[in-house]
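S.K.: need the 3D shape of this:
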Amino acid sequence: MVKTIETILSPKEAFDNKETIQYAARKLFLSADNIKGIRWKYRSIDARKYPVRIHSKFDVFVNEKPCSRDISIQFPDVSRSPEIHIVGSGPAGYFAALELIQLGLKPIVFERGKNVSDRKRDIAQLLKNFGLNPDSNYAFGEGGAGTFSDGKLYTRVKRKEEIQKVLQIFYHHGAQENILYESHPHIGTDVLPRVIENIRRTIERCGGKILFNHKVTDFVIRNNQIAQLEINHSERIDVSIVILATGHSARDIYQILLNHNIKLESKGFAMGVRIEHPQELINTIQYHGKNYDRHLPPASYSITKQIDGRGVYSFCMCPGGIIVPASSQEKQLVVNGMSNSKRNSPFANSGFVVELRPDDMAGFSDDSTLGGLKFQIHLEQLAYDQVGKNQMAPAQRMSDFVQGKISQNIPQNSYLPGVVSFPLHEWLPEPIGSSLRKAFMSLGKQIPGFLTNEAIIVGVESRSSSPIRIPRDKEKLSNPQICNLFPCGEGAGFAGGIVSSAIDGMLAARSVYKIIHR
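M.R.: Residues are numbered from 1 along each chain as shown. Sure, this is the predicted structure:
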């Protein structure tokens, strides 16, 4: 017999399996010996007030063994099916490939970087300040930029069925079971590479192909269609349909499109810094004091403010994480965050970014479409030039930044290549610097303890979103000028994050299927 319980639990009852069983036994007026297992359906932390409570829903197996979760996903053999070419192996590209397979089409994926195992070695070299491989780093390579971030799977996309499908595919390929029921699921950087390798094996087992070190360097266009893809400036490959699933760090793709007079659109984006606090401080703030229940996981936060009519907000918050160098080009500096599945670093970091609009970018490019992109590059180059030692980063204590003081030293932190004390309060351009300063001052009053010199800010966080959108038809999802080009994901400007990019890739694949079978 299976009973479903929907209730509110204490952290100990929610995160200690024995305690959960004891609670269920009391609730059902049974002995704990009668309960053979539980299966979670939903778990969400409510930390709005003390004491912290956990909204919970789970099945209780009474006098019968729990059966395995019924997640059956079929991927047929498509080795003899029509070929569809995909540029990019991030979540948009790989989930487009999986969707094509389920629709009976054969995906051929071109990835400029290396497979995830080889990519790890290049990232290890980068963390040791031994040099940057422009095609194999935190931005480029198998799995895309999300592979070495945190594997956060929370999204504001409203397509519940599509979200569930993405989560089930990740679970099917080796992700933790709890991503199916946590309100803010994440996989972790230590687990996600293995999951991505398993997705690759599924694609290849079904007859698809993944071609690493295959950088698309040009399109051959005839009669308003892409006829060939140029690979590594040498080889040309015939194509019938192309799903363009690059991330927004693939700036050369935008230039290729412009070279062929394919219109792009400028769009709003955001830039700022990474901010890092001691994780224990964030736990104390979020869980209402130092005596919080230690069964609770490392605390996160999500902050949004309006400063002088601009949004200022936290982005990609990594509890128990580290700050990493996310540059994808030489002599540029970008930082990002990541955390492992256990989130057991003593630090908590988050992007803290300011809303920027296309009209803020006047003067950065003769082509107004590229203004935001040029501004990103300008700030990344400046950040690199200020320190000038490979991937070392400029940093400042948080209160010193607000008060306009140079930090005499920088506390212990997670950024492995190293940081250098730098007056970011003087250097960050308007409106970024002033908006951040005002936001931090406001947060210091609103959230006691958040504004502190125990925290540092590190520059620059410039890749939160794309400043460019590649136009596509609202219904067909193809480009209005190039009818066999299907832009999707973050690089196309239609998604943000792993799950929304994966969903956008699946939608692109379905649109391709409709075109073929119309």
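S.K.: how about low-confidence regions in the stretch 351-500 of the chain?
M.R.: Filtered on pLDDT under 70, the stretch 351-500 of the chain yields the residue ranges 366, 388.
S.K.: what are the ranges of the strands in it?
M.R.: For the stretch 351-500 of the chain, the strands defined by DSSP state E, counting those that start in this stretch occupy 393-397, 419-421, 456-461, 468-469, 485-487.
S.K.: same thing with the stretch 151-300 of the chain?
M.R.: 209-211, 216-222, 225-231, 235-238, 242-244, 265-266, 269-278.
S.K.: give me the domain ranges for this structure.
M.R.: The record's domain split for the chain, according to automatic domain parsing, is 2-62, 83-263+470-516, 266-461.
S.K.: and S72, which of those domains is closest to it?
M.R.: Taking C-beta to C-beta as the measure, the domains of the chain were each checked against S72, and domain 83-263+470-516 came out nearest at 8.8 Å. Every residue, glycine included, has its C-beta placed from N, CA and C.
S.K.: pull the distance from that closest one to the chain's centre.
M.R.: Its chain's average C-alpha position is 13 Å from that of domain 83-263+470-516, according to C-alpha atoms, centre = their mean, to the nearest Å.
S.K.: thinking again about what came up before, would you turn the domains of the chain into a markdown table with mean neighbour count and distance to D70?
M.R.: Below are the domains of the chain laid out as a markdown table (neighbours: other C-beta atoms under 10 Å; distance: least, C-beta to C-beta, whole Å):
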| stretch | mean neighbour count | distance to D70 |
| --- | --- | --- |
| domain 2-62 | 16 | 11 |
| domain 83-263+470-516 | 21 | 10 |
| domain 266-461 | 19 | 24 |
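S.K.: quick one: closest of the strands of the stretch 151-300 of the chain to C483.
M.R.: Using C-beta to C-beta as the measure, strand 225-231 is the one of the strands of the stretch 151-300 of the chain that comes nearest C483, at 6.0 Å.
S.K.: quick one: contacts of the closest one?
M.R.: Under the contact criterion C-beta atoms under 8 Å, 6 or more residues apart in numbering, strand 225-231 has outside partners 85, 87, 110, 214-221, 236-239, 242, 482-485.
S.K.: now swap in stretch 32-46 and tell me
M.R.: Against stretch 32-46 from outside (C-beta under 8 Å, 6+ apart): 4, 6, 8, 11, 14, 17, 20-22, 24-25, 28, 52-66, 69, 178, 180-184, 296-297.
S.K.: before we move on, the earlier item: could you dump the domains of the chain into a markdown table and include distance to P76?
M.R.: What follows is those, written out as a markdown table (distance: least, C-beta to C-beta, whole Å):
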| stretch | distance to P76 |
| --- | --- |
| domain 2-62 | 29 |
| domain 83-263+470-516 | 7 |
| domain 266-461 | 32 |
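S.K.: out of these, which comes closest to D77?
M.R.: Comparison of the domains of the chain against D77 by C-beta to C-beta identifies domain 83-263+470-516 as nearest, at 5.5 Å.
S.K.: quick one, the lowest-mean-pLDDT helix or strand in the chain and strand 269-278 angle?
M.R.: When the helices and strands of the chain are scored by mean pLDDT, DSSP states H and E, helix 371-387 comes last with a mean of 92. Helix 371-387 runs at 40 degrees relative to strand 269-278, counting by axes from the mean of the first three to the mean of the last three C-alpha atoms, to 10 degrees.
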